[in-house]
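> need coordinates for the following:
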Amino acid sequence: MRTTVIVVFLLALFSNISTAQASHKHSRPPVGPVRLPGAAFTAMQKIDPERIRAHVRFLSHDLLEGRGTGQRGGDIAAEYIATEFALYGLKPVGDSGSYFQKVPMVGITPAPGTTFSLASSKGATTDLRPLDQYVAYDQTQQPQSDVDADIVYVGYGIEAPEYKWDDYKGIDVRGKVLLMLVNEPPSDDVNFFKGKALTYYGRWTYKYEEAARKGAVGAILIHQTEMASYPWEVVRNSNSGEKSYLKLDGAPKLKVASWIQLEVAKQIAATSGMNLDKMMADARSRDFHPVTLPVELKAHMVSNMRPFESNNVLAMLPGSDSKLRSEAVLYTAHYDHLGIRPEMPGDNIYNGANDNATGCGILLELARAYSEAAARPRRSILFASVTAEEQGLLGSEYLGKHPPMPAGKISLDLNYDDVPPLGSPEEVEVSGSERTTFYPVIEAMAKNFRLMIRPDARPEAGHYYRSDHFSLARVGIPAFSVNEGTKYKGHDAAWGLQQAEEYTAKHYHQPSDEYHPSMDFTGDAAMARFGFALGWEAASQIKLVGWQKGDEFEAARMKSSAGGE
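Model prediction:
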């Protein structure tokens, strides 16, 4: 007979869990102490921060050359993770009985012959400098494309009927190039674009998609650090060299998908006899109407094409219940980063230690802990280390469209992405979890671990829509990321926020995101244990996890559950 241990006893065993109180008060009925089977408790105790360290050290080593998508280092990382899954005795659930799910992709590199010019109606032409003033890719996957089209300013480029917002106002933008702002109309009203929290309408991916759906040939996003939540260096580094795309699936694509520096946008406004600050202010009103500017984009897009396959790495621990083992809880973490830039002087390897060797280290340690447990949860446990997150969540998008079991049978996805090794956390951040029916359990579990649930420190950055859990949510799977907050043992919250801001400004998507022996993986292990407890509980519940009524992903969940997709 299996013994049962109340998770609250973890408090006496893990000194890295603080005495902070749970912060979120919720109107839903509270959940009492969450109980884990003794086998699960014992397995969770074995999660080791030094094992996570070892994985991070290897995956972020210079030998892996930044784990670029479709590059040698990325393939080595996938092989390493698959080998670890095999050592743990996990079942391969990729293609043809392997651990690999092949993701068909195309690498696109802008060629030197590319030109990107702004031509005013008065005849003046300005050639923009790549990387310094603009970045642009041709999404049509053609070796050459030409654009000679009027530029139409469309504000935020959003059409959102549920918020009574339409920046297009019915104007025909077919064949045009759309100039638009990143983010979305600012508001403190949670019922209007969720207030300060960014929705998917604010993401650059949505803006490109919407422009293409409306028949535009190009889209130009105006970069402003405060609105984008990251500096131009992040845009430049993320859009230099080869960029990967899923092979075309029939959806419309842009010949020019681009960003421009704020100063270039000011130049366009001045050439048009307008003021950019006023243009941006006007875009905040429902009464905004698109403006055709007396400026054209003349672009000759030349691209080097490289068809290739990258791999998601998939494994499963079958559940113990003969009926429920056809359902699963999923853990995800992306293994790719930005690779190596041979043409760049100095340190040109984007090692990605925090982003996301840490998440991979946690995923592998979770897989080991589950595999060594003396008993198994009722539902199966899926582990997926996905590719091409840095290219636009492509690996997880493909996984969502081609899951190893129907999406309607996957109860929950717990994602790990960029978990900073800064010491012992007193908070956990699970933004988006409040949108699921599982949230009362999360609140109870956080209380048992004595972790305060911290609201998203920067909701305006739209982090929920910037990591792989979003791809799973889009197909209906309740999904969110597990991460630390900003309060660590021995420090105040201001210190943690300072660490996060410094990382974003100096190391995020930079070659300096490297492993250092001084890193403290106590917190990464704490997040692994917390996620282990959540996953085991979700795998043991009678019902599958769902979305709260009215959530934007509820319809997708209902569709996948009804159709078994």
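
> buried residues, the helix or strand hosting residue 533. List them.
Here residue 533 sits within helix 522-540, counting by DSSP states H and E. Within helix 522-540, the residues that qualify as buried are 522-540, counting by 16 or more other C-beta atoms under 10 Å. In this view, the C-beta of every residue, glycine as well, is placed from N, C-alpha and C.

> what's the answer for stretch 497-513, then?
Result for stretch 497-513 [16+ other C-beta under 10 Å]: buried residues 499-500, 503-504, 508-511, 513.

> cool, and stretch 144-155?
For stretch 144-155, a neighbour-count test (16+ other C-beta under 10 Å) marks 145, 147, 149, 151-155 as buried.

> need the CA coordinates for that stretch. PDB is fine.
Once non-C-alpha atoms are left out, stretch 144-155 reads as follows in PDB (Å, rounded to 0.1, in the frame of the first residue of the first chain):
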ATOM      1  CA  GLN A 144      14.100  37.400 -55.200                       C
ATOM      2  CA  SER A 145      11.100  39.800 -54.600                       C
ATOM      3  CA  ASP A 146      10.500  43.400 -55.600                       C
ATOM      4  CA  VAL A 147       8.400  45.900 -53.800                       C
ATOM      5  CA  ASP A 148       7.500  49.400 -55.100                       C
ATOM      6  CA  ALA A 149       4.500  50.400 -53.100                       C
ATOM      7  CA  ASP A 150       2.900  53.200 -51.100                       C
ATOM      8  CA  ILE A 151       3.400  53.200 -47.400                       C
ATOM      9  CA  VAL A 152       0.200  53.400 -45.300                       C
ATOM     10  CA  TYR A 153       0.400  54.300 -41.600                       C
ATOM     11  CA  VAL A 154      -2.100  52.000 -39.800                       C
ATOM     12  CA  GLY A 155      -1.400  52.900 -36.200                       C
END
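
> hmm, who's touching it?
118, 138, 167-168, 171, 173, 175-181, 217-218, 220, 255-256, 268, 279, 282-283, 288, 290-293, 295-303 (C-beta atoms under 8 Å, 6 or more residues apart in numbering).

> give me that answer again for 7 Å
138, 167-168, 173, 175-181, 217-218, 255-256, 279, 283, 288, 290-293, 295-302 (C-beta atoms under 7 Å, 6 or more residues apart in numbering).

> so which of the buried residues of stretch 497-513 belong to helices?
Among the buried residues of stretch 497-513, the members falling in helices (DSSP state H) are 499-500, 503-504.

> can I get those residues in TSV with pLDDT and distance to residue 209?
Converted to TSV, those look like this (pLDDT from 0 to 100; distance: C-beta to C-beta, whole Å):
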residue	pLDDT	distance to residue 209
499	95	34
500	92	29
503	94	29
504	88	26
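
> of those residues, just say which sits nearest to residue 106.
Checking those against residue 106 by C-beta to C-beta gives residue 504 as the nearest, at 30.1 Å.

> identify the single longest strand in the chain, thanks.
strand 291-317 (DSSP state E).

> out of the buried residues of stretch 497-513, the closest to residue 234 would be?
Looking across these and measuring by C-beta to C-beta, the closest to residue 234 is residue 509, at 5.0 Å.

> where does pLDDT dip in this structure?
1-33, 457, 564-565 (pLDDT under 70).

> identify the residue spatially nearest to the spatially most central residue of it, adjacent ones excluded.
Note on the chain: the residue nearest the mean C-alpha position is residue 467, at 1.0 Å, using C-alpha atoms, centre = their mean. Counting by C-beta to C-beta, 6 or more residues apart in numbering, the nearest residue to residue 467 once its immediate chain neighbours are dropped is residue 417, at 4.5 Å.

> next one: residue 535
Nearest to residue 535 is residue 329, by C-beta to C-beta, 6+ apart, at 4.8 Å.

> kindly export the very next helix or strand once past the helix holding residue 533 (C-alpha atoms) in CSV.
Of the helices and strands lying after helix 522-540 in sequence (DSSP H and E), the nearest is helix 554-563. Extracted in CSV, the C-alpha atoms of helix 554-563 (Å, rounded to 0.1, in the frame of the first residue of the first chain):
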residue,chain,number,x,y,z
GLU,A,554,-11.4,28.2,-24.6
ALA,A,555,-12.8,27.7,-28.1
ALA,A,556,-9.6,25.9,-29.3
ARG,A,557,-9.8,23.6,-26.3
MET,A,558,-13.4,22.8,-27.0
LYS,A,559,-12.6,22.1,-30.6
SER,A,560,-9.7,19.8,-29.8
SER,A,561,-11.6,18.0,-27.1
ALA,A,562,-14.6,17.4,-29.3
GLY,A,563,-12.6,16.3,-32.3
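
> ok, back up a step: adjacent strands (with direction) for the longest strand of the chain?
strand 91-92 (antiparallel), strand 100-110 (antiparallel), strand 115-120 (antiparallel), strand 144-153 (antiparallel), strand 380-386 (antiparallel) (DSSP bridges).

> the helix or strand just after it to strand 380-386, inter-axis angle?
Heading C-terminal from strand 291-317, the first helix or strand you meet, by DSSP H and E, is strand 328-334. Orientation check (axes from the mean of the first three to the mean of the last three C-alpha atoms, to 10 degrees): strand 328-334 against strand 380-386 gives 20 degrees.

> how distant is strand 328-334 from the center of its chain?
13 Å (C-alpha atoms, centre = their mean, to the nearest Å).

> and it with helix 522-540, angle?
150 degrees.

> what residues of strand 328-334 count as buried?
328-334.

> circling back to that earlier point, tell me what the helix holding residue 533 is packed against?
Where contact means 3 or more C-beta pairs under 7 Å, 6 or more residues apart in numbering; DSSP states H and E, helix 522-540 is packed against helix 38-45, helix 49-59, strand 328-334, helix 358-372, strand 410-415, helix 439-448, strand 483-484.

> alpha carbons of the first one, in CSV - could you do that?
Taking only C-alpha atoms (Å, rounded to 0.1, in the frame of the first residue of the first chain), the coordinates of helix 38-45 have been written out as CSV:
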residue,chain,number,x,y,z
GLY,A,38,5.4,8.9,-1.3
ALA,A,39,7.1,7.7,-4.4
ALA,A,40,6.6,11.1,-6.0
PHE,A,41,7.8,12.9,-2.9
THR,A,42,10.9,10.8,-2.8
ALA,A,43,11.6,11.3,-6.5
MET,A,44,11.1,15.1,-6.2
GLN,A,45,13.7,15.1,-3.3
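
> mind starting the numbering at 26 from now?
Taking 26 as the first residue, the last one we looked at is helix 63-70.

> tell me the buried residues in it?
Neighbour count says helix 63-70 has 64-69 buried, by 16+ other C-beta under 10 Å.

> kindly report the same for the longest one.
Judged by neighbour count (16+ other C-beta under 10 Å), helix 383-397 contains these buried residues: 383-396.

> go on, stretch 215-227?
218-219, 222-227.

> pull the contacting residues for residue 429.
With contact set as C-beta under 7 Å, 6+ apart, residue 429 has these partners: 118, 339, 341, 407.

> return the member of those nearest to residue 124.
Among the contacts of residue 429, and counting by C-beta to C-beta, the member closest to residue 124 is residue 339, at 6.2 Å.

> cool, thanks, signing off.
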